[in-house]
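Peer 1: Quick one: sequence plus predicted model below, questions after.
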Amino acid sequence: MEVKARAPGKIILFGEHTVVHGSTAVAASINLYTYVTLRFPIPADNDDTLKLQLKDLALEFSWPIARVKEALSELGIPNPAIPTSCSIEAMKSIAALVEEQNIPEAKIFLASGVSAFLWLYASIQGYKSIVFYCA
């Protein structure tokens, strides 16, 4: 099964920081989009991995589901209906998963984004195989 979505970019013309104090901002969407595709492998695919593909950066990251489950076992079975904070232990486990991808230290922003992706994936999707394409 495959799910596709797109979201427009935005520009904040006025009030970007005032909204946190209850004031109004003026924002508009722009004609730049982020496209996302989630592909859930069928059992016949025999693919038990989590893949994150960042098309614009020509990068792909992947982890065996068993490795993700092992690293984040303290989460138990995630329930997406109940928001869960990311514990220090979970952050350390996620950092270890990201370090396995050998992301250069000069691209710390990328490592942070991949870490956030792993936390959201595990918290919402659990430990199911998925291919996540982002362009």
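Peer 2: Sure thing, it's come through.
Peer 1: CA only for contacts and neighbour counts going forward, please
Peer 2: Fine.
Peer 1: residue ranges for the helices of the protein, please.
Peer 2: Assigned by DSSP state H, the chain shows helices spanning 65-71, 88-99, 108-124.
Peer 1: just how off-centre is the last one within its chain?
Peer 2: Same thing as helix 108-124. Helix 108-124 sits 5 Å away from the centroid of its parent chain (Cα atoms, centre = their mean, to the nearest Å).
Peer 1: For it, the averaged confidence score.
Peer 2: Averaging pLDDT along helix 108-124 yields 87.
Peer 1: Kindly report the same for the shortest one.
Peer 2: When pLDDT is averaged along helix 65-71, the result is 87.
Peer 1: so what does it touch, helix or strand wise?
Peer 2: Where contact means 3 or more Cα pairs under 8 Å, 6 or more residues apart in numbering; DSSP states H and E, helix 65-71 is packed against helix 88-99.
Peer 1: on that earlier part again, right, and the helices of the chain - which one's nearest residue 7?
Peer 2: Taking Cα to Cα, helix 108-124 is the member of these nearest to residue 7, at 17.2 Å.
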